[in-house]
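Enquirer: Just the structure for this:
(chains A and B)
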Amino acid sequence: MRVITISAFVAICGFAIAQVGGSQQGSEIKLGPTVPVGVRVSQAQWHPNGQAIMYTRNEENGVGIGIYALGQYEGKVVLNIPKDETYRWHWLEGSKSGLAVVTKEIKDGKAPTKQIRIFLVEGETQSMRQIYNEVMDAKAVSGVGVNASPLLKHAIVSFYGEKGVKNYVLCSGRGDLINSLDLDNATSKGLYPSWSIDGTAVFSELRKGTARVLSDVPITFKSADGLSGSGNANGGDLVVTGVRLTAASGTVSEVSGPVTTISLRASPMAPETGSNVLEMMPSNGVLRPVRFRGPFVREPRNAQPLIQKNQAIMVQFDKSNAQDNSVWLKRGPQAGTPATLVAVHASDTWLAPKENAVAYVIDGALFIRPILKN
Amino acid sequence: MGRSWISVLLVCGLFASTSALAQQGSEIKLGAPVSVGVRVVKVIWHSDGQTLMYARQGEKGTELGIFSKGQFEGKTIINLAPGETYEWTWLADSKSALVAITKEIKKTKQVRLILAEGETQSARQIYSETLPESDVDWIGINPSPLLKHAIISINGEDSSKTFILCQGKSDLVSSPQIDEAQKKGILPCWSVDGTAVFSQTVTSRPITVDEVNSIVDKEGKAVSDQFKAKILLSGVTLTRTILTPPTGSDVIELMPTNAVFRPVRFRGPYITPTKNFVPLNSKDQEIVIQFEQVTAKENAVWLKRGAEKGTSATFLAVNSSRIWVAPKENAVAYLIDGALFVRPIL
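Expert: Numbers count the residues shown, from 1 in each chain, chains lettered A, B, ... in the order given. I've put the predicted structure just below:
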């Protein structure tokens, strides 16, 4: 498949500095009570809507994937990934759910095979359900791509292999993964999906030479295939111009900029509004001809983004002293504006994309504090 | 209520140790913290400081977890149903404990005994019975101070049922002999070998500081309701009535492996060893943290040996609400916003 998918999750210190909105500059940031979510946590990733967070924790035999939605009592590990398996996580919007694609390479003397399992993880119920499990010739599948709707609990799951691409659809509502022959036909005819204003996938011919890179933060990037670009998206979709996408797929190997966790995805430019396209019905994966109602465009953030600041502290008792680290949140980069202490001794911090909560780890324990609206 | 052959104590506040001051002010080194569990409200260390139990407030009620040094994390092993109360008693020579769980159901009481194993982070129910309310006034668990062995009694207004947890086994053995002995006023005490002996001839001895420490927390409150306390306080010397026959006298010994009685000469009472180090104290200190022009107040907790000012202290954590130093001072457990951490004391 020639739909270009680049994704990466990068966690580095500091949050995005947006170029817009100064109205909230300096306003006080109020944090709600702390919720301890889980222990042995190594990584966390917020849902784009900031209502749920997935976290990975180190376990004796591998990695545990946990999920927690705001308001829940605590986190819950819903999936255990043994050491000899790898996983990729994809959030589904229009829900608090995610897809975990778990791959295991099996080399038992015969031809190498791959076991691919896909789990639908439900944040609402802190549960998971296996929706796909197949062992196949390792050459038959080189990778699995998940192209999730930006509005619905709905995604296209594509298996790339020597013999082409096999597509499945995660149907909205049911949460089942079904093989879509319509989708296979469309892609074999050179049609490519992009997301409509309604969150449905529409198929049209590729407008070659340009691509859209989806990101919610300003970035510069460079792919392993030599793909590079930069720009400021003001929190919305980042349209990278002057970049010719030649790679069929790639992995971002280098990201710079004041970003938190980001997900990059390059996809073809959407067709022109009003043009004839094939729309995939999200409930059953069937294509139908419609006039394109327009592309989905992520709303730019219009608030002054929160930024995280680390500050070393010295504590003293009698003649003894010790150093530690304090983490603060403040709105806007200007010195002297109000800041709020989040925690002392936090090693990692993740701010929810909608700035409605902050997650942090202290000695392996994951905590979440809601950020209250002024 | 039935007679209490269990150690009986009343404690009035803290006491000052008179043991060696040599370690006063010596540096306290802490190992790496381990995050054990979340939503934790209470911790009880095993006397060996290798294992702790914790109670956490689960969404559906209280849960009991266990963690041993070297383990990856804590694990919930008992979920208490609404209305159930528990009593946790550590067993010596193991990382195990007996947990007595009771629940009132109309005019009856359901009694469950659970053997909690710290080594395997597992629990097994070894007794369950629903008895008339008048038959369950209190449950006494009298653990051997040296062996994985205990005498358990379910005491009612006019009745007593006794069971033995035999060493090396994990089942309870009923012991009507002990019931009979107790009716005759023959009460057990623990020998120097960790075995229970029964004799009508008893003496008393002073209580040791460590014995007090083992059953009260730093505020002087009893950490276990099973101890119906009676303490004689004279200056800083605490004494209790302890029932021990004279060494060399004829006694009946309960064989810990099979709960059978045999006559022996008493080899002497078990006495809790005295600590020969200056106790660790936790000290709270309010700190002001500044970022640009903004300040915030937090609480820093330090560990310090002895009470002298100016001696070295070790920083433990900020924003810790509770601290539990292991009895052997080989580890410290503390809470930060409901998450339990354990750090070894090196």
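
Enquirer: what does chain A put close to chain B?
Expert: Residues of chain A lying close to chain B (C-beta under 8 Å from any C-beta of the partner chain) are A:34, A:36-40, A:59-60, A:73-74, A:309, A:311, A:313, A:315-322, A:324, A:326, A:328, A:330, A:335-341, A:343-345, A:362-365, A:367. All C-beta spots, glycine's among them, are computed from the backbone N, C-alpha and C.

Enquirer: What's the PyMOL line that selects buried ones from those residues?
Expert: Typed into PyMOL, the line below selects the buried ones among the residues of chain A next to chain B, using 16 or more other C-beta atoms under 10 Å in any protein chain shown:
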select buried, chain A and resi 34+36+37+38+39+40+59+74+309+311+313+315+317+320+322+324+326+328+330+337+338+339+340+341+343+344+345+362+363+364+365+367
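
Enquirer: who's in contact with residue 118?
Expert: You didn't say which chain, so I picked chain A. A:99-102, A:130-133, A:144, A:157, A:177 (C-beta atoms under 8 Å, 6 or more residues apart in numbering or on different chains).

Enquirer: that's the other chain; I wanted chain B
Expert: B:46, B:50-51, B:66-68, B:94-97.

Enquirer: is it possible to export those to TSV including secondary structure, distance to residue A:83 and pLDDT?
Expert: TSV is the format used below for those (DSSP: H, G, I helix; E, B strand; the rest coil; distance: C-beta to C-beta, whole Å; pLDDT from 0 to 100):
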residue	secondary structure	distance to residue A:83	pLDDT
B:46	coil	32	94
B:50	coil	28	93
B:51	strand	27	96
B:66	strand	25	98
B:67	strand	23	97
B:68	strand	23	96
B:94	coil	31	89
B:95	coil	27	93
B:96	strand	31	94
B:97	strand	32	96
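
Enquirer: what's around the closest residue to chain A within the stretch 51-200 of chain B, how many residues?
Expert: Residue nearest to chain A within the stretch 51-200 of chain B: residue B:59 (4.2 Å; C-beta to the nearest C-beta). Residue B:59 has 10 neighbouring residues, counting by other C-beta atoms under 10 Å in any protein chain shown.

Enquirer: I'd say it and residue A:74 touch.
Expert: Yes. If you go by C-beta atoms under 8 Å, residue B:59 and residue A:74 touch, sitting 7.4 Å apart.

Enquirer: on that earlier part again, out of the contacts of residue A:118, who's nearest residue B:188?
Expert: For the contacts of residue A:118, the residue nearest residue B:188 by C-beta to C-beta is residue A:130; the value is 56.3 Å.

Enquirer: Helix or strand: which one has that closest one?
Expert: Residue A:130 belongs to strand A:127-137 when elements are defined using DSSP states H and E.

Enquirer: helices or strands next to that strand in the packing?
Expert: If you count contacts as 3 or more C-beta pairs under 8 Å, 6 or more residues apart in numbering or on different chains; DSSP states H and E, strand A:127-137 packs onto strand A:76-82, strand A:113-122.

Enquirer: Can you give me the buried ones in the shortest one?
Expert: Neighbour-count burial for strand A:76-82, counted by 16+ other C-beta under 10 Å, picks out A:76-79, A:81.

Enquirer: need those residues in a markdown table with distance to residue B:311 and pLDDT, can you?
Expert: Converted to a markdown table, the buried residues of strand A:76-82 look like this (distance: C-beta to C-beta, whole Å; pLDDT from 0 to 100):
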| residue | distance to residue B:311 | pLDDT |
| --- | --- | --- |
| A:76 | 45 | 96 |
| A:77 | 44 | 96 |
| A:78 | 49 | 97 |
| A:79 | 50 | 96 |
| A:81 | 48 | 95 |
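
Enquirer: of all those residues, which two lie farthest apart?
Expert: Applying C-beta to C-beta across the buried residues of strand A:76-82, the maximum distance is between A:76 and A:81, 15.4 Å.

Enquirer: so where do the helices sit in the chain?
Expert: Just going to use chain A. Secondary structure of chain A (DSSP state H): helices located at A:181-188.

Enquirer: Please refer instead to chain B.
Expert: B:176-183, B:209-215.

Enquirer: Could you identify which of the ones you listed has the lowest mean pLDDT?
Expert: For the helices of chain B, the weakest mean pLDDT is recorded on helix B:209-215, namely a mean of 57.

Enquirer: coming back round to it: need the contact list for the residue of the stretch 51-200 of chain B closest to chain A.
Expert: Applying C-beta under 8 Å, 6+ apart, one finds that residue B:59 lies in contact with A:73-74.

Enquirer: swap the cut-off to 10 Å and go again
Expert: Going by C-beta atoms under 10 Å, 6 or more residues apart in numbering or on different chains, residue B:59 touches A:72-74, A:76, B:39.

Enquirer: Grab the nearest non-local neighbour of the residue of the stretch 51-200 of chain A found nearest chain B.
Expert: Nearest residue of the stretch 51-200 of chain A to chain B, counting by C-beta to the nearest C-beta: residue A:73, 4.2 Å away. Leaving aside its chain neighbours, residue A:73 sits nearest to residue B:59 (4.2 Å; criterion: C-beta to C-beta, 6 or more residues apart in numbering or on different chains).

Enquirer: now do residue A:340
Expert: Nearest residue to residue A:340 in three dimensions, chain neighbours excluded: residue A:29, at 4.3 Å (C-beta to C-beta, 6+ apart).

Enquirer: The one you found: neighbour count?
Expert: Neighbour tally, residue A:29, other C-beta under 10 Å: 21.

Enquirer: quick one: it and residue A:36, what's the gap?
Expert: The gap separating residue A:29 from residue A:36 is 21 Å, by C-beta to C-beta, to the nearest Å.

Enquirer: again with residue A:339
Expert: From residue A:339 to residue A:36 the distance is 24 Å (C-beta to C-beta).

Enquirer: before we move on, back to that, using JSON lines, lay out the contacts of residue B:118 together with neighbour count and distance to residue B:310.
Expert: Output for these, formatted as JSON lines (neighbours: other C-beta atoms under 10 Å in any protein chain shown; distance: C-beta to C-beta, whole Å):
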{"residue": "B:46", "neighbour count": "23", "distance to residue B:310": "34"}
{"residue": "B:50", "neighbour count": "18", "distance to residue B:310": "33"}
{"residue": "B:51", "neighbour count": "26", "distance to residue B:310": "35"}
{"residue": "B:66", "neighbour count": "29", "distance to residue B:310": "39"}
{"residue": "B:67", "neighbour count": "25", "distance to residue B:310": "35"}
{"residue": "B:68", "neighbour count": "18", "distance to residue B:310": "37"}
{"residue": "B:94", "neighbour count": "19", "distance to residue B:310": "42"}
{"residue": "B:95", "neighbour count": "23", "distance to residue B:310": "39"}
{"residue": "B:96", "neighbour count": "24", "distance to residue B:310": "43"}
{"residue": "B:97", "neighbour count": "25", "distance to residue B:310": "40"}
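
Enquirer: State the pair within these that is farthest apart.
Expert: Longest span within the contacts of residue B:118, C-beta to C-beta: B:67 and B:94, 14.9 Å.

Enquirer: what residue ranges in the chain score low on pLDDT?
Expert: Using chain A. A:1-26, A:206-269, A:300-304, A:374 (pLDDT under 70).

Enquirer: The intended chain is chain B.
Expert: B:1-26, B:185, B:201-243, B:276.

Enquirer: so what's the backbone phi/psi at the nearest residue to residue A:319 once chain neighbours are set aside?
Expert: Among residues not flanking residue A:319 along the chain, residue B:310 sits closest, at 5.6 Å (C-beta to C-beta, 6+ apart). Note on residue B:310: its backbone torsions stand at phi 90, psi -10 [degrees, to the nearest 10].

Enquirer: Near residue B:310, how many other residues are there?
Expert: Using other C-beta under 10 Å, the number of residues around residue B:310 comes to 9.

Enquirer: Quick check: it vs residue A:199, distance?
Expert: Distance, residue B:310 to residue A:199, using C-beta to C-beta: 67 Å.
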